[in-house]
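For reference, the sequence and a predicted model appear below.
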Amino acid sequence: MLLDGNDPKVIERAAAALAAGQLVVFPTETVYGLGARADDDAAVAQIFRAKGRPADHPLIVHVADADSVRGFASLVPPVAVRLVAAFWPGPLTIIVPRAAGIGTAAAGGQATIGLRCPSHPVARELLRAARQAGVPGVAGPSANRFGRISPTRAEHVEGEFDDSLMVLDGGPCDVGIESSIVDCTRGHPVLLRPGVLTRAQIEAAAGEPLHDADDAAPRASGTLEAHYAPRAPLRLMPAAQLHTALQLLGSSPLKLAVYSRPLPAGTGSGVLHRVMPERAADAAHELFSVLRALDQEGVQLIWVEEPPATPEWEGVRDRLRRAAAS
Ligand code: TXA
Ligand code: MG
């Protein structure tokens, strides 16, 4: 059920549905989320069922503002305070120690919890209205079935779940890839998932260096290899290799899609070519939409040019690497 997320009456209805323990799909600036009230384990259990996601995978809890952190965290490490001050509302999730007795299902049973205050106006209105209806936070993974591409438009959610589910349309997501996740529970900040924020931006706000996730990191579906996968096999190649491969391919009967910077003259005829934007933020914005569109064209293979090895491309490189790993 597609509804206009900018309609105040729709927001009230959706907030009431959340308060009653029902699921609601809502837009954020990163991707669309599949929400349930985070303080109700039975409501959250429906998310795992709808997504087909294992119940021990922790979800992100969306909150209306920085003050709401205290309802879910047993303590807020100073580095988390600094990150929140710098990036909220916005595409950053912090992992903090979880308060006893709340968000157990949302946290996948872990002693920590992921929290994020999104900046999308529809998400903000919904979280505000939900809080007024007694909902302290909304657990919300990306609104796709387990292992599939995250939705960045309301239309992407159609057909994923039960038709009776409320889907709030808030237009295309600005950012386009999921939030950066920083674990603030380990004495030093650890980047669990890169997003559009660069390491330099996060480190400047944290006031200390960012560490990389290691094997001690909790299980997290966002960090599993075969994730964000289109149906067609995807291969990542440096530009030179891609151009050679296209020359060798000649006029093959394969239905091939290419997502790359402009191709040299004379290559790529007969393939479905989408031009990768020059700016990382533009590529992030369209990435999941492009992969979905190529799948819909029924292509058999997707060849993608490796993006530049520069910091601002880290989030896009990460999603492409995972898509290629499946
Ligand atoms: O941008 C986003 O973060 C989107 C929108 C909807 O807000 N949400 C999202 O949720 O990507 P999801 O469930 O697809 O990814 C949540 C990821 C988990 O896979 C895990 O990597 C991490 O967040 N996570 C959540 N809670 C955690 C915890 N307690 N410890 C470690 N990682 C956690
Ligand atoms: Mg996801």
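On my side now, so go ahead. Ligands and ions are numbered 1, 2, ... in the order given.

The stretch 51-200 of the chain against ligand 1: which residues are in contact?
Within reach of ligand 1 by Cβ under 6 Å from any ligand atom, the stretch 51-200 of the chain has these residues: 57-60, 93, 95, 107, 110, 112-114, 116, 118, 140-142, 178-179, 181, 192-193. Placement of C-beta: from N, CA and C, glycine included.

try it again with 8 Å
Contact residues, the stretch 51-200 of the chain versus ligand 1 (Cβ under 8 Å from any ligand atom): 53, 57-60, 62, 91, 93, 95, 98, 106-108, 110, 112-114, 116, 118, 140-143, 150, 175, 177-179, 181, 183, 192-193, 195.

Just the ones of those residues in strands?
Among those, DSSP state E puts 60, 62, 93, 95, 112-114, 116, 181, 183, 192-193 in strands.

In TSV, list those along with neighbour count and pLDDT.
TSV is the format used below for those (neighbours: other Cβ atoms under 10 Å; pLDDT from 0 to 100):
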residue	neighbour count	pLDDT
60	29	98
62	27	98
93	25	98
95	28	98
112	19	98
113	29	98
114	29	98
116	28	98
181	22	98
183	24	98
192	19	96
193	21	96
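
Save those as a markdown table, and put in distance to residue 202 too.
As requested, those are exported to a markdown table (distance: Cβ to Cβ, whole Å):
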| residue | distance to residue 202 |
| --- | --- |
| 60 | 17 |
| 62 | 20 |
| 93 | 12 |
| 95 | 13 |
| 112 | 18 |
| 113 | 19 |
| 114 | 15 |
| 116 | 14 |
| 181 | 11 |
| 183 | 12 |
| 192 | 12 |
| 193 | 12 |
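
Can you tell me which of these is nearest ligand 1?
residue 114 (3.0 Å; Cβ to the nearest ligand atom).

what's the longest helix in this structure?
helix 280-296 (DSSP state H).

Show me the shaky parts of the chain.
Counting by pLDDT under 70, the ranges of the chain that qualify are 215-227.
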